[in-house]
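Enquirer: I'd like to go over a predicted model; first the sequence, then the structure.
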Amino acid sequence: MASVAEQNTLTATIRSWPERIKIFYNDVRTEMKKVTAPSFKEVQATTLVVLVTVFLFAAYFWAVDLVIGHGIDSVFRYFKQH
């Protein structure tokens, strides 16, 4: 059975929810007023950076995969002959 102190604490917590929710939404509203959307030029620039980076990483990983694949192939061919 819950003690009187625990029940009072639970009751106080439940009663404080509406006020806490109100404060939370006011904080969200205040922070959302600070948010700005990027300009079209900024979006184009960041998109270009992302695309270039993706292609550079793709080329790098393709080259690494090719080198490692040939190395493993050579090792298998070596042990197959011996």
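Expert: Everything's here; your move.
Enquirer: Measure how far the helix or strand bottoming out on mean pLDDT in the chain is from the centre of its chain, please.
Expert: Every helix and strand of the chain was ranked by mean pLDDT, DSSP states H and E. The lowest is helix 4-33, at a mean of 88. Relative to the chain's own centre, helix 4-33 is displaced by 29 Å; criterion: CA atoms, centre = their mean, to the nearest Å.
Enquirer: Run the chain-centre distance for the longest helix belonging to the chain.
Expert: Looking across the chain with DSSP state H, the single longest helix is helix 40-81. Computed by CA atoms, centre = their mean, the separation of helix 40-81 from the middle of its chain amounts to 23 Å.
Enquirer: Check stretch 68-82 too.
Expert: In terms of CA atoms, centre = their mean, the centre of stretch 68-82 is found 40 Å from the chain centre.
Enquirer: Could you report the neighbour count for Phe55?
Expert: 10 (other CB atoms under 10 Å). Backbone N, C-alpha and C define where each C-beta goes, glycine included.
Enquirer: Check it and give its pLDDT.
Expert: Note for Phe55: predicted pLDDT of 98.
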